[in-house]
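>>> what follows is a predicted structure for the sequence shown.
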Amino acid sequence: MTRKETSTRTDRRSFLKATGGVAAAAGLAGCTGALQSSSSYPSEQVEMIVPWSAGGGTDRTGRKLANLAGEHMDTEFFVSNQTGGSGSVGFNAIANADPDGYTVGVTTVEICTISHLGIAEVNPEDLTSVMQYNFDPASLTVPEDAPYDTVEEFVQYAKDNPGEISISNSGIGAIWHLSAAGFAQQAGIDVKHVGYDGGAPATKAVLNGEVQATTASAAEVAGQVQDGPLKTLGVFGDERVSIFPDVPTLKEAGYDFTMGAWRGLTVPNDTPDERISQLHDAYKSVYDSDDFKSFMDENGFGTVYRDTEEFSSFMDSEYDRFADIIESLDLN
């Protein structure tokens with residue numbers, strides 16, 4: 001399934017690419033209408049909509065961005081949590097906000113899955129990207145005494161014992177389930193997927209012997225791995241993660257597969273390009289700061305930067321990839 005891109009978004013991407021993300025005010029006269037001149041922006045607070053509950057990873061990273069962004073733009077940023085519907089309530093709130101540069105969404109991987117799952121219609125086409133700032137790859141974690149010590153041995157065991165291995169996840173249709181299912185398809189193995197209400201109970205299920213493995217972010221299993229009951233065989237990223245520097249990636253094990261949770265920033269469609277550029281530059285300055293990098297590293301959040309156009313293309317490719325995986329799992 002390939003999603004059709006609108007001419008509006010295509011024109012926006014071409015414009016940003018050609019100008020390096022900075023639009024001349026004169027060229028925006030036709031699309032800004034009654035909006036204030038660029039010299040007066042920003043003249044009020046910027047709301048950052050977080051589609052997930054307070055205290056979670058998306059909320060915490062969003063609040064850190066908000067706290068620091070005000071140092072790079074002459075205004076305050078504040079977070080509002082608009083939750084429900086696997087993120088769809090918040091995503092719709094972002095999409096339906098006034099396109100004036102005063103609403104920014106902290107957008108997560110679920111924007112690329114929920115329409116395929118039949119949860120809501122909102123998808124990346126309803127938003128315009130600003131930048132990506134995070135990627136947390138899935139990790140394959142098993143009991144310390146499991147009869148396999150590498151991804152290759154795990155795959156071989158699964159092939160020798162089809163259907164015997166059960167992999168827990170944070171909920172059927174959630175990113176860790178899709179990561180495990182995508183890897184199983186790539187590796188050609190037959191495994192069972194068992195959904196739990198979150199990453200913590202999914203990890204506990206491995207400890208209790210209810211399942212033989214789990215897929216979650218490295219940060220979610222770090223405590224159990226470092227203390228010994230569990231071991232992580234591989235991470236689903238392009239690079240190893242800092243908290244598990246000795247754990248190889250799937251690519252190192254011979255499987256060209258990456259997947260995980262990610263977070264980025266979006267605005268409503270038709271937000272003027274110049275304001276998108278100003279927002280991007282402020283958030284990029286935050287991303288590059290020692291304060292933000294330390295916060296992300298100390299809390300186990302991976303940092304990945306994609307600019308406005310790169311993030312838009314990335315969301316498009318993710319949307320199409322998840323369509324194929326979800327269709328193959330008959331989840332929609």
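Looks like it came in fine. Numbers count the residues shown, from 1 in each chain.
>>> residue 195 touches residue 172, doesn't it?
Yes. Residue 195 lies in contact with residue 172 (C-beta atoms under 8 Å); the separation is 3.9 Å. For every residue, glycine as well, the C-beta is placed using N, CA and C.
>>> center of the protein - which residue?
Nearest to the geometric centre of the chain sits residue 262, at 1.6 Å (C-alpha atoms, centre = their mean).
>>> quick one: the closest residue to it other than its chain neighbours from residue 108, how far?
Counting by C-beta to C-beta, 6 or more residues apart in numbering, residue 262 lies nearest to residue 135, which is 4.5 Å off, once chain neighbours are set aside. According to C-beta to C-beta, to the nearest Å, residue 135 stands 11 Å off from residue 108.
>>> so what's the residue count around the residue nearest to residue 262?
By other C-beta atoms under 10 Å, the residues close to residue 135 number 24.
>>> same thing with the one 5 residues further on?
A total of 25 residues lie near residue 140 under the criterion other C-beta under 10 Å.
>>> immediately after the host helix or strand of it, which helix or strand?
Element membership of residue 140, judged by DSSP states H and E, is strand 127-143. Downstream of strand 127-143, the next assigned helix or strand under DSSP H and E is helix 151-160.
>>> tell me what angle that following helix forms with strand 127-143.
Angle of helix 151-160 versus strand 127-143, following axes from the mean of the first three to the mean of the last three C-alpha atoms, to 10 degrees, is 80 degrees.
>>> hmm, who's touching helix 151-160?
By C-beta atoms under 8 Å, 6 or more residues apart in numbering, the residues outside helix 151-160 that reach it are 140, 142, 146-148, 164-165, 184, 187-191, 213, 233-234, 248, 250, 253-255.
>>> hang on, the earlier thing: joint contacts of residue 135 and residue 108?
In contact with both residue 135 and residue 108: 261, 262, using C-beta under 8 Å, 6+ apart.
>>> just confirm residue 213 contacts residue 138, I think it does.
No. Between residue 213 and residue 138 there is no contact, the gap being 11.2 Å when judged by C-beta under 8 Å.
>>> neighbour-wise, which of those two wins?
Shown here are residue 213 and residue 138; by other C-beta under 10 Å, residue 138 has more neighbours (30 against 23).
>>> now do the strands in the stretch 1-150 of the chain.
Taking DSSP state E, counting those that start in this stretch, the strands of the stretch 1-150 of the chain run over residues 46-50, 77-81, 103-108, 127-143.
>>> let me see the mean pLDDT of the lengthiest helix in the chain.
In the chain, with assignment by DSSP state H, the single longest helix is helix 308-329. What helix 308-329 shows for mean pLDDT is 96.
>>> packing partners for that helix?
Judged by 3 or more C-beta pairs under 8 Å, 6 or more residues apart in numbering; DSSP states H and E, helix 308-329 is in contact with helix 7-19, strand 127-143, helix 175-187, helix 273-288.
>>> most tightly packed of the ones you listed?
Stretch with highest mean neighbour count among the helices and strands packed on helix 308-329: strand 127-143 (a mean of 25; mean count of other C-beta atoms under 10 Å).
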